[in-house]
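**Q** I would like to see how this sequence folds:
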Amino acid sequence: MEAQSQGVLNPELPSGFDAGFPVETVRAGFPALTRPPGFVFFDNAAGAQVPQIVLDAVNHHLLECNVQRGGRYPKSREVDETILRARQSVADLVNARDPSEIAFGMNATSFIRLVSLVIGQTLDTRNEIVVTDMDHEANIATWLALERNGASILWWKMRDDGNLHVDDLVPLVSSKTRLVACTLTSNAIGSIVDVEAAARVAHSSGAEIFLDSVHYGPHGLIDVQALDCDYLVCSGYKIFSPHMGFLWGRRELLEMLPTFREDFIPDEPPGKIEAGTFIYENVAGMDAAVCHLETLGRSMAGNDATMKLGSRRSALEHAFAAIRAYEGSLSREMLRVLSDCGAIVYGIADRGRISERVPTLCFSLPNVSPARVTEELARQNIGVRDGHMYAPRLMNRLGLSQESGAVRASLVHYNTLDEVCRFGSALAEIKETC
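**A** As a prediction, the model looks like this:
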């Protein structure tokens, strides 16, 4: 079986780069991490904690300018400025060509559905949509719903090595393909997909590609231009902000979308995509979350004046290079402690393939139900999750029941090796006593 190619999303992790990662300084900026009784947050795939800078931004909005945008008075104009600033921040985060390509809303799922409804109106001879059995159900069911519009669904299936391979996509794509919908990273097993190669395959036949970047967002830097994708969705609350979501799309495609809008809303992005009022304070928090990541990148510049004075994008590149390397060490240690406990790890378990995954580990302990594992860990103030992880088709593919599923531990850059050791000790105790 061929090795997964090293593309934009999964370059080889720099050896030793994690040694200088300032994890204690990072943790000090997250109030939830310093509160007793020393809870271990290993359920970050369901939503990450927020730094103080994000709390401050949300509080500022609610205290100082909790009004509707579009007014002529100063407080309303401040809301307009906040939204513009946040749109630019998110554009920098994903490397959009223009901030007008960014739309804000409630969550990624609602944006997937919005785009799917539009795609459903444009099916003709190109009526085939490719989905995967590794995705979150939100990026599957929304496309399956288009079968009533005449869509024909084709399945890009995960291999036994725990990842999607582009060689398997090639025979699925043809002149009939309207769109390929896939994830950048599995929210259940943490595998990183070579979506850059998938985009080349889709575009070679004139099809479009829609990417779910929700789970990749906190772990690596997104570059929509390098990925050459057509649409991309993300959820801010996975990237250290409050609950909100955003959509990026090529401007020329967004301009053609026949979306619902009031007559007084111009038929152009991003307004035509942002029906109704979104949550302004959470958008302010998303802007601050990008600032948190930018500050991390600049703080690691040391004496490099060019880095300290460089663009926000370059600072984000530096931050995520450090995050990827540090999280690689977390993944290696998690795989070690799970192996020591005799756990079955689903997905990529080879420590030599760390660059193909993020520190999201899906596993089971022999003869111990997933629910029992999470309950016992909870008694020791360690938060993980059990179940199907909103990926029931993937559970079926792994030979697991949808009802019980597996256990998922999901780490981010504020987690520590000491927490991994504590987790390992707790698992060992569960194995011995259950």
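**Q** Would you tell me what the next helix or strand after the lowest-mean-pLDDT helix or strand in the chain is?
**A** Here the helix or strand of the chain ranked lowest by mean pLDDT, DSSP states H and E is helix 305-309, holding a mean of 61. Using DSSP states H and E, the helix or strand that follows helix 305-309 in sequence is helix 312-340.
**Q** so what secondary structure elements neighbour that next one?
**A** helix 74-94, helix 280-299, helix 305-309, strand 344-346, strand 360-364, helix 417-433 (3 or more C-beta pairs under 8 Å, 6 or more residues apart in numbering; DSSP states H and E). C-beta: built from backbone N, CA, C; applies to glycine.
**Q** Okay, buried residues for the last one please.
**A** Of the residues in helix 417-433, those buried by neighbour count under the rule 16 or more other C-beta atoms under 10 Å are 419-420, 422-424, 426-427, 430-431.
**Q** So which other helices or strands are in contact with that helix?
**A** Short answer (3+ C-beta pairs under 8 Å, 6+ apart): helix 417-433 packs on strand 40-41, helix 312-340, helix 370-379, strand 382-383.
**Q** now swap in the first one and tell me
**A** Contacts defined by 3+ C-beta pairs under 8 Å, 6+ apart place helix 74-94 against helix 52-64, strand 102-105, strand 245-249, helix 280-299, helix 312-340.
**Q** coming back round to it: out of the helices and strands packed on helix 312-340, which gets the lowest mean score?
**A** Looking at those, the lowest mean pLDDT belongs to helix 305-309 (a mean of 61).
**Q** Who are the contact partners of Ser100?
**A** Counting by C-beta atoms under 8 Å, 6 or more residues apart in numbering, Ser100 touches 87, 251, 268-270.
**Q** Restricting the selection to alpha carbons, write the longest strand along the chain to PDB.
**A** The single longest strand within the chain, with elements called by DSSP state E, is strand 177-183. Output of strand 177-183 as PDB, limited to C-alpha atoms (Å, rounded to 0.1, in the frame of the first residue of the first chain):
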ATOM      1  CA  THR A 177     -19.100  14.700 -11.200                       C
ATOM      2  CA  ARG A 178     -20.500  17.900  -9.700                       C
ATOM      3  CA  LEU A 179     -18.700  18.000  -6.400                       C
ATOM      4  CA  VAL A 180     -16.300  16.100  -4.100                       C
ATOM      5  CA  ALA A 181     -17.100  16.500  -0.400                       C
ATOM      6  CA  CYS A 182     -14.500  15.500   2.100                       C
ATOM      7  CA  THR A 183     -12.800  16.300   5.400                       C
END
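**Q** can you list contacts of that strand?
**A** With C-beta under 8 Å, 6+ apart as the criterion, strand 177-183 contacts 119, 122-123, 126-132, 134-136, 139-140, 143, 151, 154, 156, 164, 169, 173, 193, 195, 198, 201-202, 205-216.
**Q** now stretch 45-54
**A** Contacts of stretch 45-54 with the rest of the structure, by C-beta under 8 Å, 6+ apart, involve 29-33, 41, 187, 215, 218, 237-243, 285, 288-289, 291-292, 295, 360, 385, 389, 408, 410, 412, 414.
**Q** Can I get the buried part of the residues you listed as one ChimeraX selection?
**A** Here is the ChimeraX command that selects the buried residues among the contacts of stretch 45-54 (16+ other C-beta under 10 Å):
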select :29,30,33,41,187,215,218,237,238,239,240,241,242,285,288,289,291,292,360,385,389,408,410,412,414
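**Q** just checking, what packs against the helix or strand where Leu169 lies?
**A** Following DSSP H and E, one finds Leu169 within helix 166-169. Where contact means 3+ C-beta pairs under 8 Å, 6+ apart, helix 166-169 is packed against helix 195-204.
**Q** Next secondary structure element downstream of the helix it packs on?
**A** Per DSSP H and E, the helix or strand that comes after helix 195-204 is strand 208-212.
**Q** List the buried residues for the next helix-or-strand element following that next one?
**A** Next along the chain after strand 208-212, taking DSSP H and E as the criterion, comes helix 224-227. Buried residues in helix 224-227, counted by 16+ other C-beta under 10 Å: 224, 227.
**Q** Next, the angle strand 208-212 makes with the next helix or strand after helix 224-227.
**A** Once helix 224-227 ends, the next helix or strand along the chain (criterion: DSSP H and E) is strand 231-235. Angle of strand 231-235 versus strand 208-212, following axes from the mean of the first three to the mean of the last three C-alpha atoms, to 10 degrees, is 10 degrees.
**Q** quick one: strands adjacent to strand 231-235?
**A** In the sheet, strand 231-235 lines up against strand 208-212 (parallel), strand 245-249 (antiparallel) (DSSP bridges).
**Q** Would you mind saying which of those strands lies nearest Ala325?
**A** With C-beta to C-beta, the closest approach to Ala325 among these belongs to strand 208-212: 23.6 Å.
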